[in-house]
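Novice: any chance you can model this:
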Amino acid sequence: MNLACIIPFYNEGSRVLSVLNQVSKIKLITQIICVDDGSLDNSSNLIKENFKDVELIKMDKNSGKAAAVLLGAKKAQSNYLLLLDADLQNLNPKEIENAIKSARNNATIDMIILRRINDAIIPRMFRSDVLVSGERILKKADLLKVFKKDPTSYQLEVAINKYMLDNHKKVVTIANSATNYHRINKYGILMGIKNEIKMDISILQYTGLLGLLKQMLFLPEKNLNNLLARQLS
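Specialist: Numbering: from 1, shown residues only. Coordinates of the predicted model:
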């Protein structure tokens with residue numbers, strides 16, 4: 001199974017390098033695509049200098065995560081895609097490898113969400129560790145169909161979830177130790193809170209309250225770790 005990894009980023013600097021340090025260790029990934037969403041810092045130059053094998057795409061202006069991922073998906077030369085955020089901390093290559101092996105060994109699975117097991121308690125109560133996890137494996141054909149509904153920026157993950165539920169796709173989760181670099185640490189308290197609110201509003205605009213509740217209640221959460229343990233034993 002060929003699999004391309006797409007990493008969109010905007011002004012992530014050394015954080016994206018940290019992610020690439022781990023991703024580059026994963027031999028099951030056949031293509032790594034980084035999409036610069038109009039960064040104003042030197043992120044792209046850092047990638048060019050340190051990761052010669054990474055395919056780098058630069059957008060002319062900041063257009064949001066969804067637009068960056070779509071551009072990366074069109075560039076991908078594989079049927080399966082691994083989506084990763086560029087600001088992940090404590091990314092574990094072994095966990096990613098296990099997820100890829102699960103997709104490879106279970107043809108009936110349409111998407112694997114890498115559930116953020118180290119998220120805070122309140123986000124986990126509302127299933128944010130699953131619903132808005134930016135780490136997931138899915139088929140390129142499915143992702144391109146998601147984009148026909150025109151999700152923007154913060155809406156990408158819930159748009160994928162909606163597509164999977166509406167089309168009765170098989171979705172499972174697997175443990176993921178990584179966490180995002182908190183927006184407050186990135187932008188400061190006021191701007192960080194503003195971005196969090198902006199994200200929540202954007203998600204509700206796409207799903208509606210009932211649609212979001214449907215995802216919280218019915219998005220499958222079968223855990224594959226036990227299955228992996230049997231396969232690898």
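Novice: my read: T207 touches E157, true?
Specialist: No: T207 sits out of contact with E157 when judged by CB atoms under 8 Å, with a separation of 10.5 Å. For glycine as for every other residue, the C-beta is placed from the backbone atoms N, C-alpha and C.
Novice: helix or strand for V172, which one?
Specialist: strand 171-176 (DSSP states H and E).
Novice: which residues in the chain form helices?
Specialist: Along the chain, the segments classed as helices by DSSP state H run 14-23, 43-50, 65-75, 93-105, 121-125, 128-131, 140-146, 156-166, 183-187, 189-218, 225-232.
Novice: show me what the second one is packed against.
Specialist: I take that to be helix 43-50. helix 14-23, strand 31-36, strand 55-58 (3 or more CB pairs under 8 Å, 6 or more residues apart in numbering; DSSP states H and E).
Novice: looking at those, which is nearest to L165?
Specialist: L165 lies closest, by CB to CB, to one member of the helices and strands packed on helix 43-50: strand 31-36, at 26.6 Å.
Novice: the closest one vs helix 14-23, what angle?
Specialist: Calculated by axes from the mean of the first three to the mean of the last three CA atoms, to 10 degrees, strand 31-36 forms an angle of 170 degrees with helix 14-23.
Novice: mean confidence for strand 31-36?
Specialist: Strand 31-36 shows a mean pLDDT of 98.
Novice: starting at the chain centroid, how far to that strand?
Specialist: 13 Å (CA atoms, centre = their mean, to the nearest Å).
Novice: which residues does the residue most central in space within the chain contact?
Specialist: In the chain, the centroid-proximal residue (CA atoms, centre = their mean) is G134; its distance is 2.6 Å. Contacts for G134 (CB atoms under 8 Å, 6 or more residues apart in numbering) come out as L83, L84, D85, E157, N180.
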